[in-house]
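> next come a sequence and a model predicted from it.
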Amino acid sequence: MKTFFLAAALLAVPTLAGAASFTFIVAGLGGEPEYEERFREEAAVIGAAAVEAAGGDKSHVVMLMGEQARRDSLRREFQEFAAKVKPTDSATVVLIGHGTYDGEDYRFNVPGADITGSELGQLFDRLSAKRQLIVNATSSSGATIELWQRPDRVVITATKSGGERTATRFAQYWGQAVSGDAADVNKDETVTAAEAFDYANRQVAASFKSDVALATEHARIAGEDTAAFAVAHIGASAVSGTSPEVAALLTQRGQIEQDLEGVKGRKTTLSEDQYYDELEGVLVRLAHLQQQIDAKRAVQ
């Protein structure tokens with residue numbers, strides 16, 4: 001009976017959602033035609049997905065490539081971008097290209113003078129959004145993860161440290177994750193930051209294995225809201241907006257889902273009855289919260 005209840009409860013468990021309202025994408029300096037083309041293509045794929053996630057509103061997505069990505073114009077454009085983002089909005093930033101690290105400073109390679117990790121961090125701190133995602137898909141990006149971490153921010157880097165200096169593959173697979181359903185593991189028509197990260201990370205590893213090559217990048221993710229930050233919507237959910245009230249409920253759901261993962265992680269340390277009792281309690285909380293979410297969405 002308990003097993004049947006849990007199966008039924010799982011069917012009623014919420015499908016995670018909540019679109020990133022604003023996205024800022026920069027394709028940095030390639031240095032060679034091959035990289036210039038690759039970075040632009042990756043930015044275009046991610047940008048198209050961001051427009052779709054924003055309900056087709058192109059004004060919510062900023063893309064800088066080539067000469068547009070110079071340090072001064074990047075700073076100016078980002079300040080204007082940040083001024084449009086409200087505390088109730090979600091903001092995503094994606095950096096694509098080459099980065100360097102000299103043991104002290106990270107630099108994002110753009111036409112002309114490079115921009116440092118500290119300068120970028122100061123720009124990111126202008127964002128008032130309570131839900132932020134920074135994806136640094138450049139080489140040496142791991143040097144920025146601690147520098148850019150904040151309580152309301154998820155930070156993803158393509159490399160584990162500043163010492164991984166080889167051109168990265170992460171952006172290509174991140175683009176796949178946010179532009180299709182391949183990363184939607186639980187098939188809820190929503191791709192979360194955690195799902196997109198896991199997908200891209202797996203694909204990077206698989207690509208090196210296929211090439212019979214030693215992996216030169218190992219992605220990292222940091223933040224408390226990885227399972228509640230949606231980076232893409234698929235199917236019917238792609239056209240359903242998310243109000244601030246629903247977004248707040250989705251954040252609560254992300255926290256409860258973390259509780260669910262915690263129970264699953266303790267399975268081997270609990271008796272069977274204890275495990276299913278705790279699991280049932282979390283699933284009931286999720287089901288009740290989903291009723292609230294569905295009710296709010298019904299009146300949008």
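Right, received. Where do you want to start? Residues are numbered from 1 along each chain as shown.

> tell me the SS of Ile145?
helix (DSSP: H, G, I helix; E, B strand; the rest coil).

> check Thr23 too.
Under the three-state scheme (three-state DSSP), Thr23 adopts strand.

> any idea how far Val185 is from the residue lying closest to it once chain neighbours are set aside?
With Cβ to Cβ, 6 or more residues apart in numbering as the criterion, Thr23 has its nearest non-adjacent residue at 3.7 Å, and that residue is Ala50. Glycine gets a C-beta too; all of them are placed from N, C-alpha and C. Ala50 sits 21 Å away from Val185 when distances are taken as Cβ to Cβ, to the nearest Å.

> more crowded one of the two?
A direct count of neighbours by other Cβ atoms under 10 Å for Ala50 and Val185 places Ala50 higher, at 27 against 13.

> in which helix or strand does that one reside?
Per DSSP states H and E, Ala50 falls inside helix 33-53.

> count of residues packed around the closest residue to Leu279 other than its chain neighbours?
Nearest residue to Leu279 in three dimensions, chain neighbours excluded: Val263, at 5.4 Å (Cβ to Cβ, 6+ apart). By other Cβ under 10 Å, 19 other residues sit near Val263.

> just the element for Val263, please.
Using DSSP H and E, Val263 maps to helix 244-265.

> dump that helix to CSV, restricted to CA.
What follows is helix 244-265, C-alpha atoms only, in CSV (Å, rounded to 0.1, in the frame of the first residue of the first chain):
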residue,chain,number,x,y,z
PRO,A,244,6.5,36.5,-9.3
GLU,A,245,4.1,34.6,-7.1
VAL,A,246,4.6,31.4,-9.0
ALA,A,247,8.4,32.0,-9.1
ALA,A,248,8.4,32.2,-5.3
LEU,A,249,6.5,29.0,-5.0
LEU,A,250,8.9,27.3,-7.5
THR,A,251,11.8,28.5,-5.3
GLN,A,252,10.2,26.8,-2.4
ARG,A,253,9.7,23.7,-4.5
GLY,A,254,13.4,23.6,-5.3
GLN,A,255,14.2,23.7,-1.6
ILE,A,256,11.8,20.8,-1.0
GLU,A,257,13.3,18.8,-3.9
GLN,A,258,16.7,19.2,-2.2
ASP,A,259,15.1,17.7,0.9
LEU,A,260,14.0,14.8,-1.3
GLU,A,261,17.5,14.3,-2.6
GLY,A,262,18.7,14.3,1.0
VAL,A,263,16.3,11.6,2.0
LYS,A,264,17.4,9.5,-1.0
GLY,A,265,21.0,10.0,-0.1
